[in-house]
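Trainee: Got a sequence here, can you model it:
(4 chains)
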There are 2 protein chains.
Amino acid sequence: MARLRKQTLDGNIETLILAVLEQGPSYGYQIGRDLNQRAGELLQLGEGTIYPVLHRLEERELIAATWRKGDTGRQRKYYRLTPKGRRALVENRQQWAGLVQVMDAVLQPRKRPARA
Amino acid sequence: MARLRKQTLDGNIETLILAVLEQGPSYGYQIGRDLNQRAGELLQLGEGTIYPVLHRLEERELIAATWRKGDTGRQRKYYRLTPKGRRALVENRQQWAGLVQVMDAVLQPRKRPARA
DNA sequence: CATAGACACCTTGCAGTGAAAGGTCTCGCC
DNA sequence: GGCGAGACCTTTCACTGCAAGGTGTCTATG
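Mentor: The predicted structure follows:
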């Protein structure tokens, strides 16, 4: 399977990142690693994709950041979900469920049900 | 459930339209009706969304058009899938399957499987 | 006949998004 | 000292969905 195209991904990266942060604070570089690993070959997000998304989420106050020193001694910018972010994640999950429903309904047209 | 947002939909409308045309030729206005009906309240595409997509698909030669008179006597622009369009639909279905896989993997983190 | 409304097509402009490309700094190691 | 990896960042670009606004035709109604 080929890599996922931008248009296929569009709008869902935000949800993916929020979902990662749901499991605990993390920082940009690590979030990228996490996602790319969990997605196997399907997803290979670069940093040029991750960071702008993080900044947008921060600006919208769905996540908040704290500078902290990591294990390696280097400074890291740890992000965590805000209450607003949790609510957004709930909403995004619903949106995703809705999209799945619609796509299923159209992509697998099980012998259209004899229009009354 | 609220209506699907643009960002949630992004990139998938093309696939939806191709899938509709897979079941036989149709025209813009009707395609919109079809999709909106099948999606229930989740999707309410306006014509300003449908037509531009059709034009892009036509330009990329995934669909082809023919003017014809419909039942109502009015002129309609009937679109049909081209061979190239069928191949694109196959690809798009795979892309969709991939996205579902990734989203599932991240959204439902079933007690991450004890990293070897 | 005139008007309304559904059918059916179209275009322009905007905001948001993912991604590539390019750049900086620090730490640990050779 | 220099190099690679970790970790951050920005600018620029193409694309997409959609609202808004516009045209014309057919049928039905008053």
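
Trainee: Just confirm yes or no for stretch A:51-62 near DNA strand C.
Mentor: Yes. Using Cβ under 7 Å from any atom of the strand, stretch A:51-62 reaches DNA strand C at A:52-53, A:56. In this view, the C-beta of every residue, glycine as well, is placed from N, C-alpha and C.

Trainee: Please report the number of neighbouring residues for the residue nearest to A:Thr49 when sequence neighbours are not counted.
Mentor: Spatial nearest neighbour of A:Thr49, chain neighbours left out: A:Ile13 (6.9 Å); criterion: Cβ to Cβ, 6 or more residues apart in numbering or on different chains. Other residues near A:Ile13 come to 18 when the count uses other Cβ atoms under 10 Å in any protein chain shown.

Trainee: How about A:Asp104?
Mentor: For A:Asp104, using other Cβ under 10 Å, the count is 13.

Trainee: Also the one 3 residues further on?
Mentor: As a burial measure, A:Leu107 scores 19 neighbours (other Cβ under 10 Å).

Trainee: Who are the contact partners of it?
Mentor: By Cβ atoms under 8 Å, 6 or more residues apart in numbering or on different chains, A:Leu107 lies in contact with B:15-16, B:19, B:93, B:96.

Trainee: Quick test: name the residue nearest the centre of chain A.
Mentor: With distances taken as Cα atoms, centre = their mean, A:Leu16 lies nearest the centre of chain A, 1.6 Å away.

Trainee: Tell me, what's the model's pLDDT at the residue in chain A positioned nearest to DNA strand C?
Mentor: Going by Cβ to the nearest atom of the strand, DNA strand C is nearest to A:Gly48 of chain A, at 2.6 Å. pLDDT, A:Gly48: 92.

Trainee: And for A:Leu43?
Mentor: So A:Leu43 comes in at 89 (pLDDT).

Trainee: swap in A:Pro109?
Mentor: A:Pro109 is assigned 67 on the pLDDT scale.

Trainee: Name the SS class of A:His55, please.
Mentor: Assigned by DSSP: H, G, I helix; E, B strand; the rest coil, the conformation of A:His55 is helix.

Trainee: how many neighbours does it have?
Mentor: A:His55: 13 neighbours (other Cβ under 10 Å).

Trainee: Compute the distance between it and A:Gly48, please.
Mentor: Separation of A:His55 from A:Gly48 (Cβ to Cβ, to the nearest Å): 12 Å.

Trainee: angle of the helix ranked longest in chain A against helix B:83-107?
Mentor: The single longest helix within chain A, with elements called by DSSP state H, is helix A:83-107. Taking axes from the mean of the first three to the mean of the last three Cα atoms, to 10 degrees, helix A:83-107 and helix B:83-107 form an angle of 140 degrees between their directions.

Trainee: buried set for helix A:83-107?
Mentor: Buried positions in helix A:83-107, judged by neighbour count with 16 or more other Cβ atoms under 10 Å in any protein chain shown: A:85, A:88-89, A:92-93, A:95-96, A:98-99, A:101-103, A:105-107.

Trainee: Check whether that helix comes near DNA strand C.
Mentor: No. On the criterion Cβ under 7 Å from any atom of the strand, helix A:83-107 is out of touch with DNA strand C, staying 10.6 Å away.
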